[in-house]
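Asker: need coordinates for the following:
(2 chains)
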Amino acid sequence: QVQLQQSGAELARPGASVKVSCKASGYTFSSYTMHWVKQRPGQGLEWIGYINPSSGYTNYNQKFKDKATLTADKSSSTAYMQLSSLTSEDSAVYYCARGYGYPAWFAYWGQGTLVTVSA
Amino acid sequence: DIQMTQSPSSLSASLGGKVTITCKASQDINKDIAWYQHKPGKGPRLLIHYTSTLQPGIPSRFSGSGSGRDYSFSISNLEPEDIATYYCLQYNNLYTFGGGTKLEIK
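Answerer: This is a model prediction of the structure:
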């Protein structure tokens, strides 16, 4: 069965960077886009962007284009999201979600990774 | 960018009852809307895609309808496990979530 296993909670200082991972299993990693979604405490869901693991093509929500960098390692079936120049506004739970269909919707989700930015 | 206006933001209903949530898009999204159930500490769960296509294993108590800019999602015969926040997602032109609807049981 499809599983997306995300890395553990992160505590980072303001101005630092953090890298969250999402290890996929149960399907051919390169065949589906991987998306990332942000949820701030008490807030709704916000799409960050996606990567096509086969080609490396990325597409970002303009709001996050200078904040998030998406990469993928086909050899380990793992997608990554790096967040840079962290501020308190980046404190949130981040989810990876696998696309399906065309246009793709989010069919499977990881369990979420809590990123806390604090001095 | 497409905006999704979801309402209500919260609602309370009785066990066995029925609730309906609506999402209005800022432009025609050609039925490219999905609905998710989200419980604390977990990733969202896909219930419906393409307006009304139920995911395998999702009870028929859940349903969706709509076209153009206007879409709705309903849960009938409410059960305790339905307590969650529900989101719509448009995927016609990039991706936009509705603001969410928190469902409580009376």
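Asker: what bridges to the residue nearest in space to the middle of chain B?
Answerer: When chain B is reduced to its mean C-alpha position, the closest residue under C-alpha atoms, centre = their mean turns out to be B:W35, at 3.9 Å. Taking DSSP bridges, one finds B:I48, B:C88 as the beta-bridge partners of B:W35.
Asker: residues from chain A in reach of chain B?
Answerer: Within chain A, the positions adjacent to chain B are A:4, A:35, A:44-47, A:59, A:61, A:95, A:97, A:101, A:103-112 by C-beta under 8 Å from any C-beta of the partner chain. C-betas here are computed from N, CA, C, even on glycine.
Asker: and residue 35, what does it touch?
Answerer: Since no chain was named, I'll use chain A. A:H35 makes contacts with A:W47, A:I48, A:G49, A:Y50, A:C96, A:A97, A:R98, A:G99, A:A104, A:F106, B:Y95, as judged by C-beta atoms under 8 Å, 6 or more residues apart in numbering or on different chains.
Asker: sorry, I should have been clearer: chain B.
Answerer: By C-beta under 8 Å, 6+ apart, the contact list for B:W35 reads B:L46, B:L47, B:I48, B:F62, B:G64, B:F73, B:Y86, B:Y87, B:C88, B:L89.
Asker: out of those, who's nearest A:A12?
Answerer: The shortest distance between A:A12 and any of the contacts of B:W35, using C-beta to C-beta, involves B:Y87 and amounts to 27.2 Å.
Asker: let me see the contact set for that closest one.
Answerer: Going by C-beta under 8 Å, 6+ apart, B:Y87 touches A:G44, A:L45, B:Q6, B:W35, B:Y36, B:H38, B:P44, B:F97, B:G98, B:G100, B:T101.
Asker: B:P80 against B:S14, yeah?
Answerer: No - between B:P80 and B:S14 no contact is recorded; they are 11.3 Å apart, counting by C-beta atoms under 8 Å.
Asker: low pLDDT regions in chain A?
Answerer: The model of chain A has no residue with pLDDT under 70.
Asker: could you redo the last one with a cut-off of 90?
Answerer: When residues are selected by pLDDT under 90, those of chain A lie in A:101-104.
Asker: for chain B, what's the nearest residue on it?
Answerer: Closest approach between chain A and chain B, counting by C-beta to the nearest C-beta: A:W109, at 3.1 Å.
Asker: let me know how buried that residue is, in neighbour terms.
Answerer: The burial count assigned to A:W109 is 23, neighbours taken as other C-beta atoms under 10 Å in any protein chain shown.
Asker: what pairs with it across the strands?
Answerer: Here A:W109 shows beta-bridge partners A:A97, assigned using DSSP bridges.
Asker: that one contacts B:K39, correct?
Answerer: No - here A:W109 does not reach B:K39: they are 11.6 Å apart, not a contact under C-beta under 8 Å.
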